[in-house]
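> The amino acid sequence is not available; the structure is as follows:
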């Protein structure tokens, strides 16, 4: 745990550690290190009259900035996904578990300023501090720089978007996105349609650039398409 004076103009070794940490994990060089020290300061380390110097206000700000940037990011990255699925992806990225995992991978706890004499959930503190650090970057460098930091560094290093898609999207949507990313033409073609004892059975195939890949059957065309898309994704090694 670091013990950094909040209002010391001269950079200490501890402050330099924080600067190096922010550069390494966020790809951003702090101009006003006090924002980042505050972002790493938990209220447990402060007396009651200094509680506003803790990171909670920066956490509030960072949460709002992160939400806006992630919404813009998924909107631009997946132009053919409806708003319901976009909402699911965004929620998966910004939920507490995901942010705590990012904070843990960044080893934020090594730079946290908190009272070690209390029983504290460090994983939760790391997630909160991560949001506070986003707030600090926003105050220090503005929205555009914060957006670049998140898109170019944080998301690339700490988000497995393929896994998120597998968890949150149906197979047909996931395959469509995969083909779109690789600029491939995707078609679902009806191969066979049967009615057995009054029940319909459809067989669909996936064609990518006119080459047949996965096939699937189902009681509706949609379900057959899902089965065909799943088989195709498996053939591609995407699931």
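Looks like it came in fine. Since this is a predicted model, take the numbers as computed values, not measurements.
> And for residue 93, the neighbour number?
Using other CB atoms under 10 Å, residue 93 has 23 neighbouring residues. Backbone N, C-alpha and C define where each C-beta goes, glycine included.
> what's the helix or strand for it?
For residue 93, the host element (DSSP states H and E) is helix 83-94.
> Could you tell me the model confidence score at the residue positioned nearest the centre of the chain?
The centroid of the chain falls nearest to residue 93 when counting by CA atoms, centre = their mean (3.4 Å). pLDDT for residue 93: 89.
> On the three-state scheme, the closest residue to it other than its chain neighbours is what?
Excluding the flanking residues, the one nearest residue 93 by CB to CB, 6 or more residues apart in numbering is residue 70, at 5.1 Å. Using DSSP: H, G, I helix; E, B strand; the rest coil as the criterion, the local structure at residue 70 reads helix.
> show me what contacts residue 70?
90, 93, 94, 150 (CB atoms under 8 Å, 6 or more residues apart in numbering).
> Relative to residue 24, which of those is nearest.
Set against residue 24, the nearest of those by CB to CB is residue 150 (15.7 Å).
> what bridges to residue 218?
Note on residue 218: beta-bridge partners residue 202, judged by DSSP bridges.
> Measure how buried it is and give me the count.
Per other CB under 10 Å, the neighbour tally for residue 218 reads 17.
> Renumber starting at 58 from here on
Noted, 58 is the first residue going forward, which turns the last one into residue 275.
> show me the contacts for it.
Contacts of residue 275 (CB under 8 Å, 6+ apart): 258, 259, 261, 281, 282, 283, 284.
> Which of those residues fall in strands?
258, 259, 261 (DSSP state E).
> Contacts only, for the second one.
When the contact criterion is CB under 8 Å, 6+ apart, the partners of residue 259 are 247, 249, 250, 274, 275, 276, 277, 278, 280, 281.
> Where do the helices of the protein begin and end?
Taking DSSP state H, the helices of the chain run over residues 70-83, 90-96, 113-134, 140-151, 153-162, 179-198, 200-206, 212-215, 218-225, 228-238, 278-292.
> The ones you listed: which one's closest to residue 168?
The nearest among the helices of the chain, by CB to CB, is helix 70-83 at 5.5 Å.
> In that closest one, which residues are buried?
The neighbour-count check on helix 70-83 (16 or more other CB atoms under 10 Å) flags 71, 72, 75, 76, 78, 79, 82, 83 as buried.
> tell me what that helix is packed against?
Other helices and strands packing on helix 70-83, by 3 or more CB pairs under 8 Å, 6 or more residues apart in numbering; DSSP states H and E, are helix 90-96, helix 179-198.
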